[in-house]
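Enquirer: The following comprises the amino acid sequence and a computationally predicted model.
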Number of protein chains: 2
Amino acid sequence: LVQAFTRLPGVGEKTALRFTLQLLGDQRAALEALSHALAEAAAHLRPCDSCGNIAEIGPDGSAVCGICADARRDQSQLCVVAKVQDLMAVERSGAMRGRYFVLGRLLSPLDGVGAEELPLAQLERQIVANGVQELVIATPPSVEGEATALHLAREFGRRVRVTRIASGIPHGGDLEFADPITLGRAMSGRRGLDA
Amino acid sequence: LVQAFTRLPGVGEKTALRFTLQLLGDQRAALEALSHALAEAAAHLRPCDSCGNIAEIGPDGSAVCGICADARRDQSQLCVVAKVQDLMAVERSGAMRGRYFVLGRLLSPLDGVGAEELPLAQLERQIVANGVQELVIATPPSVEGEATALHLAREFGRRVRVTRIASGIPHGGDLEFADPITLGRAMSGRRGLDA
C-alpha cells in the first residue's frame, strides 16, 4: 500500500507511510471508502473515446464523456487542450460552446517528446467526424505550448481555420509586474477598440 | 523629519523613526547623500511637459523626457498608460516604438474619479501635436482600466485608430489556474494562427 501511494504525484515514502498508518489506525471507515471509490473508478471510468476527457464506461464498453454526448454543443468548434484540468478550467469559464480534444502531452524536443507522440491521427478523426471548421488551440502560452500550437497549425491549417487563444496581461494584473514577453504579446496582440 | 518620512508609501511612524535615528546615528554619510539626492531631484526633475514621464528640467525651464526628445521614436503611435511604472515596464519590454502618455489616474466612479479628472485636454494636445494615428491603450485590464479604455475610445475613436492591448494567459501561465474572466478573454481574443 505504501508503494502504491508513492505513485501519486507529490507523495514520497514518508507521506505514503503516514497515509497508510492513518488508514490502518482509527480511520477504518476512510480505508473502506477509499478502497470502494478506487474500485468504482477503475470499473466505470476511463478517458473518453472521442476527446480524452474523463468518461463513464457504458454498457457496450464504450466511453463517451458528458460533453461529447451533449448534442447541443457546437460541433464546428474543437478546443485543443494539453490536459483534462485545462479542459475543466475552460469549461468553468463558460467561454467555449464547442467540444474539446485533450492532447495529453505537449511537444518538447528537449524531453524527447516529438510530433509522433502527439495523438494526431485521433485528432484528425475527430475533425472529420464532427465536421470541425475551427480548431481553437488552447495549449498554455509556454515554449512547449506554442511549439505544439504551431505544429497543429502546420498539420491542419490547410483544412480548417486554426486559432490561438490570446496571451497577455491577465484580468486584474498589473503592467508594472508583467514580464517582458507577456508585455510584448499584449502589445502585438492589441485589437481595435470600439466604444 | 519623522513626519516627512511618513509621507512615503508604506512607511508608518515607527519605520520613519527608525529611518531618522539610523541616519542621525552613525550613518552621517547616508544622511548627507539622501539630503543631496532629494535636493537635486527637487531642483532638476519634474513630470515631462508632453507625456508625464520623469524628465529633467532644461535651462529654459521646460521639461522634456528622453523618450519625447528622441526623434527616432515613431510619432504616429501614442501608448497611454496609467502610471510611470507601467511606462517603464512597457519600455523595458521593447514592444513600443512610439511615444507614451501617462494618465496619472484611472476612471473610478466608486472613488469619485470621473472623466473630468482625466487629463483629456493634454492628451488631445499630444495627439494633435504629434500627428498621432494610433492610440494604444495600455491601462491595466482591471475594472477601472477597462472603463478608462472605453472612455478614451469614445472620446478619440472618431479621429484616430484606438487599440487595446491583449488580455489573456500570461507567458508561462497555466490554464488550470487562470481565473474565468481571463480565460474568457483569452478565448474571445483568439486570433488566426499561421504556421
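Expert: Sure thing, it's come through.
Enquirer: burial of A:Ala71, as a residue count?
Expert: Residues contacting A:Ala71 under the criterion other C-beta atoms under 10 Å in any protein chain shown number 6. C-beta here means a position set from N, CA and C on the backbone, and glycine is covered the same way.
Enquirer: Same check on the one 4 residues further on?
Expert: Applying the criterion other C-beta under 10 Å, we find 15 residues in the vicinity of A:Gln75.
Enquirer: Give me the phi and psi for it.
Expert: Main-chain dihedrals, A:Gln75, degrees, to the nearest 10: phi -70, psi -20.
Enquirer: contacting residues for it?
Expert: Going by C-beta atoms under 8 Å, 6 or more residues apart in numbering or on different chains, A:Gln75 touches A:98-99, A:130-132.
Enquirer: The residues you listed in helices, which ones?
Expert: A:Asn130 (DSSP state H).
Enquirer: Could you pick out the longest helix of chain A?
Expert: helix A:28-44.
Enquirer: ok, the helix or strand following it: who's next to it in the sheet?
Expert: As assigned by DSSP states H and E, the chain's next helix or strand after helix A:28-44 is strand A:45-47. Paired neighbours of strand A:45-47 in the sheet (DSSP bridges): strand A:54-56 (antiparallel).
Enquirer: For the partner strand, list every residue counted as buried.
Expert: Buried residues in strand A:54-56, counted by 16 or more other C-beta atoms under 10 Å in any protein chain shown: A:54-55.
Enquirer: Give me the contact list for that strand.
Expert: Outside strand A:54-56, the residues that touch it by C-beta under 8 Å, 6+ apart are A:44-49, A:63-66, A:68, A:84.
Enquirer: What subset of those residues is buried?
Expert: Buried by 16+ other C-beta under 10 Å: A:48-49, A:63-65, A:68, A:84, out of these.
Enquirer: Need those residues in TSV (columns: distance to B:Val136).
Expert: Listed next are the buried ones among the contacts of strand A:54-56 as TSV, based on distance: C-beta to C-beta, whole Å:
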residue	distance to B:Val136
A:Cys48	43
A:Asp49	47
A:Ala63	48
A:Val64	47
A:Cys65	42
A:Cys68	42
A:Val84	38
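Enquirer: what's the closest of those to chain B?
Expert: Checking the buried ones among the contacts of strand A:54-56 against chain B with C-beta to the nearest C-beta, the nearest one is A:Val84 at 9.5 Å.
Enquirer: In contact with the residue most central in space within chain A, which residues?
Expert: Residue closest to the mean C-alpha point of chain A, counted by C-alpha atoms, centre = their mean, is A:Lys83 at 2.2 Å. By C-beta under 8 Å, 6+ apart, the contact list for A:Lys83 reads A:102-104, B:176.
Enquirer: Which parts of chain A are helices?
Expert: Using DSSP H, the helices found in chain A span residues A:2-5, A:13-24, A:28-44, A:66-69, A:84-93, A:120-130, A:143-156, A:180-188.
Enquirer: For B:Arg72, which of those helices is the nearest?
Expert: Proximity to B:Arg72 (C-beta to C-beta) singles out helix A:180-188 among the helices of chain A, at 18.3 Å.
Enquirer: between that closest one and helix B:84-93, how big is the angle?
Expert: On the basis of axes from the mean of the first three to the mean of the last three C-alpha atoms, to 10 degrees, helix A:180-188 is oriented at 100 degrees to helix B:84-93.
Enquirer: In this structure A:Ser142 contacts B:Ile169, no?
Expert: No - A:Ser142 lies out of contact with B:Ile169 (C-beta atoms under 8 Å); the separation is 9.5 Å.
Enquirer: Give me the more crowded residue out of the two.
Expert: B:Ile169 (27 against 18).
Enquirer: My read is that that one contacts B:Thr182, right?
Expert: Yes - if you go by C-beta under 8 Å, B:Ile169 and B:Thr182 touch, sitting 6.6 Å apart.
Enquirer: just to revisit the earlier point, would you report which members of the contacts of A:Lys83 are assigned to strands?
Expert: Those of the contacts of A:Lys83 mapping onto strands are A:Val102, per DSSP state E.
Enquirer: Give me the buried entries from the contacts of A:Lys83.
Expert: For these, buried by 16+ other C-beta under 10 Å: A:102-103, B:176.
Enquirer: Adding pLDDT and distance to B:Val11, write those out as TSV.
Expert: TSV is the format used below for the buried ones among the contacts of A:Lys83 (pLDDT from 0 to 100; distance: C-beta to C-beta, whole Å):
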residue	pLDDT	distance to B:Val11
A:Val102	97	51
A:Leu103	97	51
B:Glu176	90	39
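Enquirer: Check these against B:Thr20 and report the nearest one.
Expert: Using C-beta to C-beta, the buried ones among the contacts of A:Lys83 come closest to B:Thr20 at B:Glu176, 48.4 Å.
Enquirer: Tell me how far that closest one lies from chain A.
Expert: 4 Å (C-beta to the nearest C-beta, to the nearest Å).
Enquirer: That residue - nearest residue in space that isn't next to it in sequence?
Expert: If the residues on either side of it in the chain are set aside, B:Glu176 comes closest to A:Gln85, at 4.2 Å by C-beta to C-beta, 6 or more residues apart in numbering or on different chains.
Enquirer: Counting neighbours, what do you get for the one you found?
Expert: Neighbours of A:Gln85 (other C-beta under 10 Å): 14.
Enquirer: Show the pLDDT at it.
Expert: Looking at A:Gln85, its pLDDT is 95.
Enquirer: If you rank every helix and strand of chain A by mean pLDDT, what lands last?
Expert: Using mean pLDDT, DSSP states H and E, strand A:191-192 stands out as the lowest-scoring helix or strand of chain A, at a mean of 86.
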